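1. Provided below are the primary sequence and the corresponding predicted coordinates.
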Amino acid sequence: MASASPRRQELLSSVGIKFRVEPSNVDEEPIFDESPQEHVSRLASAKAKEVAGRVKQGDEVWVLGADTIVIIDGELLGKPEGRVEALHMLKKLSGRMHKVITGYSIYNPSRDEEIKRAVETTVKFKDLTDDEITGYVASGEPMDKAGAYAIQGLGAFMVEEIKGSYSNVVGLPICQVVNDLEEAGAVRLFR
């Protein structure tokens, strides 16, 4: 897996998939005029292929790369760079719908085969008070999360409604990923 995300690791482990973690070193800056789906798909693919380049030639491996973003009003919300940016993001999301998009790439370097998808989930936040926003930011939880929140953690108190894959909001649409891994012959959950 081309990610150091503990959330992605927990999701894969929860369904019994064995994997090794090799974080990628890909620049995650957006490209001008790139759609959110193109952005996450490009990054997921780049991450998988960058890590695959470290694999010994001839090894039969599949590399999973992923990238998750939050979109509201056409603005891409990645991980906040500090408390002020986290506060700004949460105020923007308060009481509103937004989209969480995760792109993932499953890449086999020996066959040069790739499965690449972008999965979208819609999330609605409740109206947040200033105390809730500042208290949540003070908890530290939002600092390494796209959109400055973790649906699987303390941030669950903010989520009023969700349409789509819950695990996608956590960071990996596990149903779709497992389906693609099984179709590619990379894993078999039940033998």
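-> Sure, I can see it.
2. residues in contact with M143?
-> Listed by Cβ atoms under 8 Å, 6 or more residues apart in numbering, the contact set of M143 reads K79, P80, A86. For the C-beta atoms, the positions are set from N, CA and C on the backbone; glycine is no exception.
3. can you tell me how far S94 is from I71?
-> Distance, S94 to I71, using Cβ to Cβ, to the nearest Å: 16 Å.
4. neighbour count winner among the two?
-> Between S94 and I71, I71 has the larger neighbour count (other Cβ atoms under 10 Å), namely 20 against 16.
5. just checking: what are the partner strands of the strand or helix carrying the more buried one?
-> Using DSSP states H and E, I71 falls within strand 63-72. Using DSSP bridges, the strands paired with strand 63-72 are strand 75-77 (antiparallel), strand 97-108 (antiparallel).
6. next, the angle strand 97-108 makes with the one helix or strand L90 maps to.
-> For L90, the enclosing helix or strand under DSSP H and E is helix 83-93. Following axes from the mean of the first three to the mean of the last three Cα atoms, to 10 degrees, one obtains 110 degrees for the angle between helix 83-93 and strand 97-108.
7. next one: phi and psi at V177?
-> phi -60, psi -50 (degrees, to the nearest 10).
8. okay, G58: pLDDT?
-> For G58, the pLDDT comes out at 68.
9. picking that back up, turn the strands paired with strand 63-72 into JSON lines, including mean neighbour count.
-> Converted to JSON lines, the strands paired with strand 63-72 look like this (neighbours: other Cβ atoms under 10 Å):
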{"stretch": "strand 75-77", "mean neighbour count": "17"}
{"stretch": "strand 97-108", "mean neighbour count": "23"}
